[in-house]
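1. coords please:
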Amino acid sequence: MAFASNSHILYLRFSAAATTLHSGLRHLQTAWLFTKSDFKTIILPVMMFTNVVSPRHNPLALSCSLSWLWLHLFQGNVSNQSYSAHEDLLNKPWRPVPSGRISVKNSRALRWGLMVFCLGFSSLFNFNVLITSAVFTILVIVHDDFGLSGHPIGKNLLNVGAYVSFELGSTLVLSDEPSLDRTSITALCCSGLVILMTIHVQDFADVNGDRMLGRRTLPIVAPEGSRIYILCVLPLISFALASFWNLGPLCSILFISMGIVVGLRCYLVRDEIGDQSNYWLYNIWLMGAHLLPANARFSALAW
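-> The predicted structure is shown next:
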């Protein structure tokens with residue numbers, strides 16, 4: 001009888017542990033799904049930028065920098081996706097809210113919890129990292145709670161602010177300095193300008209969902225003009241960046257050619273699948289743009 005009783009207790013403990021593990025894995029998967037689509041658009045370009053412009057590199061600092069970036073991306077995405085469930089049903093039904101993994105009410109509660117956690121995590125580094133985290137939180141609130149995500153100019157400006165916050169915070173964490181040096185500041189300004197002038201490429205593929213929510217993105221307000229603009233601006237920005245960072249002839253040709261190809265595709269290929277492919281190519285071009293400051297640091301692109 002004692003053996004049977006002990007076996008029953010062990011079984012209950014094993015079942016409880018298995019249930020806890022399953023629940024934990026489910027929560028991790030939910031967190032992953034909140035940020036899945038932004039690894040190519042945020043994580044890779046920003047971490048590439050951070051590693052290029054930071055004068056300091058070590059595995060622990062890199063891990064902290066990546067953690068800081070992902071946590072703030074998680075916070076921003078939970079907030080944004082709690083307001084875009086109807087759009088995501090059409091465009092991204094696998095996301096946690098439209099798929100039913102988490103309710104709108106719980107995602108908004110999670111969003112506020114993440115805000116506090118991100119501020120606390122940022123306080124472990126230095127004051128400027130904490131300020132960057134606070135500014136990012138304000139931008140998220142203005143974007144989602146005050147509805148500026150539906151305004152074409154307001155949305156772009158807030159996207160620039162969020163993107164620059166990602167880059168600034170992750171670079172400050174990696175460099176372990178209270179401020180950035182001149183090369184880093186210059187690279188950050190260039191990055192913000194590039195995002196401001198080109199980020200609405202992401203809106204081409206989301207026109208149906210944005211229109212359903214009543215948003216007035218640039219491709220909705222000016223369907224033809226927005227594509228002509230990208231056709232012209234991507235090659236021009238590519239040429240300007242290649243000249244500004246003093247790239248060598250071969251690197252200049254490759255980077256400018258990439259800008260021309262992406263601009264042409266955005267103008268010529270206009271179906272939803274084509275626009276999604278164009279956005280992938282745009283992100284490859286954007287990662288290339290984030291690599292260019294390496295020429296100032298290491299003269300790595302002088303050929």
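2. what residue lies at the spatial centre of this protein?
-> The chain has I42 as the residue nearest its centroid, 2.8 Å off, counting by CA atoms, centre = their mean.
3. where's the closest residue in space to that residue that isn't next to it in sequence, which helix or strand?
-> Nearest in space to I42, with sequence neighbours left out and distances taken as CB to CB, 6 or more residues apart in numbering, is L73 at 5.5 Å. Every residue, glycine included, has its C-beta placed from N, CA and C. Taking DSSP states H and E as the definition, one finds L73 inside helix 59-83.
4. what does L172 give?
-> Secondary structure from DSSP H and E places L172 in helix 152-175.
5. Show the average pLDDT along that helix.
-> Averaging pLDDT along helix 152-175 gives 89.
6. what does stretch 222-231 give?
-> Taken as a whole, stretch 222-231 has a mean pLDDT of 92.
7. can you give me how far that stretch is from the chain middle?
-> Mean C-alpha position of stretch 222-231 versus that of the full chain (CA atoms, centre = their mean, to the nearest Å) differs by 24 Å.
8. Now that stretch: buried residues?
-> Judged by neighbour count using 16 or more other CB atoms under 10 Å, the buried positions of stretch 222-231 are S226, R227, Y229, I230, L231.
9. can you list the residues you listed in CSV and add secondary structure and distance to I131?
-> Converted to CSV, the buried residues of stretch 222-231 look like this (DSSP: H, G, I helix; E, B strand; the rest coil; distance: CB to CB, whole Å):
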residue, secondary structure, distance to I131
S226, helix, 34
R227, helix, 38
Y229, helix, 34
I230, helix, 34
L231, helix, 38
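10. from those, which two are the most distant?
-> Using CB to CB, the pair of those lying farthest apart is S226 and L231, separated by 9.8 Å.
11. residue contacts, the residue nearest to I42?
-> Applying CB atoms under 8 Å, 6 or more residues apart in numbering, we find L73 in contact with T35, D38, I42, I43, F166.
12. which residues sit in contact with the last one?
-> Shown here is F166, whose contacts under the criterion CB under 8 Å, 6+ apart are I42, V46, L69, H72, L73, F136.
13. Excluding chain neighbours, what is closest to M47?
-> Distance criterion CB to CB, 6+ apart; nearest residue to M47, sequence neighbours excluded, is L66 at 6.2 Å.
14. how close does that neighbour get to M48?
-> Distance, L66 to M48, using CB to CB, to the nearest Å: 12 Å.
15. OK, contacts around the nearest residue to R270 once chain neighbours are set aside?
-> Leaving aside its chain neighbours, R270 sits nearest to R227 (7.4 Å; criterion: CB to CB, 6+ apart). By CB under 8 Å, 6+ apart, the contact list for R227 reads F204, P219, C266, Y267, R270.
16. now L90
-> Residues in contact with L90 (CB under 8 Å, 6+ apart) are N208, G209, M212.
17. what about the last one, how many neighbours?
-> Here the number of neighbours of M212 (other CB atoms under 10 Å) works out to 14.
18. Is it correct that it is in contact with L89?
-> No. M212 lies out of contact with L89 (CB atoms under 8 Å); the separation is 9.3 Å.
19. Pick out whichever of the buried residues of stretch 222-231 sits closest to I237.
-> For those, the nearest to I237 is I230 (10.2 Å; CB to CB).
20. List the contacts of that closest one.
-> Contact analysis of I230 by CB under 8 Å, 6+ apart lists T198, H200, V201, G263, C266, Y267.
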